[in-house]
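S.K.: Provide a 3D model corresponding to the input given below.
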Amino acid sequence: MDWGTAPAWAAVVVAIAAATFSGLSWRASRKSAAAATRSADASTRSANTAAESLEFQRQKELPKVDLRIEPARGSGVYQLANRGGAAALDLSIVAEDASHVQWVDPLDDVLNPGEVREFVPSAGANLPPSLRFTWQGQDGPKYLSMP
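M.R.: You can find the predicted model right below:
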């Protein structure tokens, strides 16, 4: 063996070792980057879930409208009562159901918490098992059961 080629062979061995370690480092950094991306995605999902939970809690704590039909003072007299903590705004009875009742107290478009509006069945009308009402914040008519 010629000693002049020994440094060249040593350089080849060092180059191969450096390339191997470089490849291993590259692979490890790719795995680390993928893990960091997964971790960031999980953190984003966690933050979104926390924000949704906070919004749900905030909505849960807001006062709500709680309309009920209850028997009132006399036989055959009923009342629409707001037992919730918020006013029912733009309140109305569905047109088909309006023909079944006659309001003793006019049904205004606002029913504040604790307020009631009395009604009786219209002459000759059989009250259905429930009446439908709409107010602001509802997706559609809400059925209120007759007592």
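S.K.: residue ranges with poor pLDDT in the chain?
M.R.: Regions of the chain meeting the criterion pLDDT under 70 cover residues 1-4, 59, 125.
S.K.: Could you measure from the residue positioned nearest the centre of the chain over to Trp9?
M.R.: Relative to the mean C-alpha position of the chain, the nearest C-alpha, by Cα atoms, centre = their mean, is the one of Phe56, at 6.2 Å. As defined by Cβ to Cβ, to the nearest Å, Phe56 lies at a distance of 70 Å from Trp9. Bear in mind the C-beta positions are built from the backbone N, C-alpha and C, glycine included.
S.K.: Would you agree Ala81 falls within a strand?
M.R.: Yes: judged by DSSP: H, G, I helix; E, B strand; the rest coil, Ala81 forms part of a strand.
S.K.: ok, it - contacts?
M.R.: Contact partners of Ala81, counting by Cβ atoms under 8 Å, 6 or more residues apart in numbering, are Leu67, Arg68, Ile69, Glu70, Glu115, Val116.
S.K.: The second one: which element?
M.R.: Right, the one you point to is Arg68. Using DSSP states H and E, Arg68 sits within strand 67-71.
S.K.: Output the contacting helices and strands for that strand.
M.R.: When contacts are defined as 3 or more Cβ pairs under 8 Å, 6 or more residues apart in numbering; DSSP states H and E, strand 67-71 sits against strand 78-82, strand 142-145.
S.K.: Among these, which comes closest to Asp109?
M.R.: strand 78-82 (12.9 Å; Cβ to Cβ).
S.K.: Can you convert the contacts of Ala81 into TSV and add a column each for distance to Gly76 and neighbour count?
M.R.: Output for the contacts of Ala81, formatted as TSV (distance: Cβ to Cβ, whole Å; neighbours: other Cβ atoms under 10 Å):
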residue	distance to Gly76	neighbour count
Leu67	20	17
Arg68	18	14
Ile69	13	19
Glu70	13	13
Glu115	21	15
Val116	16	16
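S.K.: which residues sit in contact with Ala88?
M.R.: Per Cβ under 8 Å, 6+ apart, neighbours of Ala88: Val65, Leu67, Asn82, Val110, Leu111, Trp135, Gln136.
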